[in-house]
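> with the input below, show me the fold.
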Amino acid sequence: MSQVKGFNLLKEKVPEFRSHFKMGVIFTIAILVFLGIMLFFWWFDSLVWYGAIISQLVFCVITIIFFYGFATKAGTYRKKYGDQAYRYFFFYYVVPVLITGNAGIFHTLLIAGPALLPLWVAIALGIFFVLLRFLLERHLRTAGFDEIAHGLGIYMVFPEEGISVHSDIYSYIRHPMYTGDFFLALGLAFFKNTLLGFCIALLAFLPFLIGAKLEDRELLKRFGEPHRQYIQTTPAFFPHLRKAGKFFRFLFSKGKKSENA
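Numbers count the residues shown, from 1 in each chain. Model (predicted):
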């Protein structure tokens, strides 16, 4: 029997996605909350020159709280809710992490200030880092990473339904999805081309940094010594310096189809 993946698996685990109306309501509410956060950023940032740093730190803390639940509560929800576990997990942790995490990344677009670099340099570097984010996403798929099943934590709640993916891109870094988020934030910071914008981009990565640590801790409990060895030999977000050239050549290559895909 073939494995259920992607959006079909999401519909199986979250019944609301079987209805176009309910799915539309979910997306509408999520977008409105995201826009509300962005409006808060715009308002609070204008109060004082360091307002953007304070507002970003506030939402970093909020995102970290949700990330903690995302990384550590899957087993608890499984025991409490059984087959319905992911439905509750999705609304309590996955959606809030997506909204607050992305708001932190796109906060950078609201930052104004004196330009740091010549415009053509800033735009070129911005395009480069945004491109890296999409190249990482492409290689994630090639490696067998399911953006919904893996990325939205379905296999964290139901690990027996999924697979552990260590091939291809995962042989260079353990958390390429979070690296891609950092590259996106950095690319947007280059587009804004301000010192404060770069500070906000770095702060936006803080919840993903802590979230990755929490995920590694949970995976150690689940997979034991093999994952410990993987942690010891493979960096979390950026490749070893001696492998950096090979890593970037790999990103711009087609990659190799994973046997686990």
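
> phi and psi next, for Val61.
phi -60, psi -40 (degrees, to the nearest 10).

> now the one 4 residues further on
Backbone torsions of Ile65, given as degrees, to the nearest 10, read phi -60, psi -50.

> which pLDDT value goes with it?
Looking at Ile65, its pLDDT is 96.

> and Phe237, how many residues sit next to it?
Number of residues near Phe237 (other C-beta atoms under 10 Å) recorded here: 17. In short, each C-beta sits where N, CA and C put it, glycine included.

> which SS state does it fall under?
When classified by DSSP: H, G, I helix; E, B strand; the rest coil, Phe237 comes out as coil.

> name the helix or strand for the residue positioned nearest the centre of the chain, please.
The centre of the chain sits closest to Tyr178, judged by C-alpha atoms, centre = their mean, with a distance of 4.6 Å. Using DSSP states H and E, Tyr178 falls within helix 176-192.

> CA atoms of that helix as PDB?
Included here for helix 176-192 are C-alpha records, laid out as PDB according to Å, rounded to 0.1, in the frame of the first residue of the first chain:
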ATOM      1  CA  PRO A 176      18.100  22.800   5.900                       C
ATOM      2  CA  MET A 177      14.500  24.000   6.200                       C
ATOM      3  CA  TYR A 178      15.600  26.500   9.000                       C
ATOM      4  CA  THR A 179      18.700  27.500   7.000                       C
ATOM      5  CA  GLY A 180      16.400  28.400   4.200                       C
ATOM      6  CA  ASP A 181      14.300  30.500   6.500                       C
ATOM      7  CA  PHE A 182      17.500  32.300   7.600                       C
ATOM      8  CA  PHE A 183      18.500  32.900   4.000                       C
ATOM      9  CA  LEU A 184      15.100  34.300   3.200                       C
ATOM     10  CA  ALA A 185      15.300  36.700   6.200                       C
ATOM     11  CA  LEU A 186      18.800  37.700   5.100                       C
ATOM     12  CA  GLY A 187      17.800  38.300   1.500                       C
ATOM     13  CA  LEU A 188      14.900  40.600   2.600                       C
ATOM     14  CA  ALA A 189      17.300  42.400   4.900                       C
ATOM     15  CA  PHE A 190      19.600  43.100   1.900                       C
ATOM     16  CA  PHE A 191      16.600  44.400  -0.100                       C
ATOM     17  CA  LYS A 192      15.900  46.900   2.800                       C
END
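
> next secondary structure after that helix?
Following helix 176-192 in sequence, per DSSP H and E, is helix 195-223.

> so how far is that next one off the chain centroid?
Computed by C-alpha atoms, centre = their mean, to the nearest Å, the chain-centroid distance of helix 195-223 equals 9 Å.

> got the angle for it vs helix 176-192?
Inter-element angle recorded for helix 195-223 and helix 176-192: 180 degrees (by axes from the mean of the first three to the mean of the last three C-alpha atoms, to 10 degrees).

> okay, buried residues for helix 195-223 please.
Residues 196-201, 203-208, 210-212, 214-216, 218-219 are the ones in helix 195-223 that count as buried (16 or more other C-beta atoms under 10 Å).

> average model confidence for it?
The average pLDDT within helix 195-223 is 91.

> after it, heading C-terminal, what element do we hit next?
helix 225-233.

> of all the residues in that following helix, which ones are buried?
So helix 225-233, judged by 16+ other C-beta under 10 Å, has buried residues 227, 230.

> stretch 67-83 now?
Neighbour counts over stretch 67-83 (16+ other C-beta under 10 Å) mark 67-74, 77-78 as buried.

> for it, which outside residues touch it?
Applying C-beta atoms under 8 Å, 6 or more residues apart in numbering, the set of residues contacting stretch 67-83 from outside is 85-89, 92-94, 97, 101, 153, 156-158, 207-208, 210-211, 214-215, 217-218.

> one more time with 6 Å
Contact with stretch 67-83 is made by 85, 88-89, 93, 97, 156-157, 207, 211, 214-215, 218, as judged by C-beta atoms under 6 Å, 6 or more residues apart in numbering.

> got the CA positions of that stretch in CSV?
Written as CSV, here are the backbone C-alpha positions of stretch 67-83 (Å, rounded to 0.1, in the frame of the first residue of the first chain):
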residue,chain,number,x,y,z
PHE,A,67,8.2,26.0,19.1
TYR,A,68,8.7,24.4,22.5
GLY,A,69,5.3,22.8,22.3
PHE,A,70,5.9,21.9,18.6
ALA,A,71,9.1,20.1,19.4
THR,A,72,8.2,18.4,22.7
LYS,A,73,4.4,17.9,23.0
ALA,A,74,3.8,15.5,20.1
GLY,A,75,4.0,12.4,22.3
THR,A,76,1.8,13.9,24.9
TYR,A,77,-0.9,14.7,22.3
ARG,A,78,-0.6,11.2,20.8
LYS,A,79,-1.3,9.7,24.2
LYS,A,80,-4.1,12.1,25.0
TYR,A,81,-6.0,12.2,21.7
GLY,A,82,-5.0,9.1,19.8
ASP,A,83,-5.9,9.2,16.2
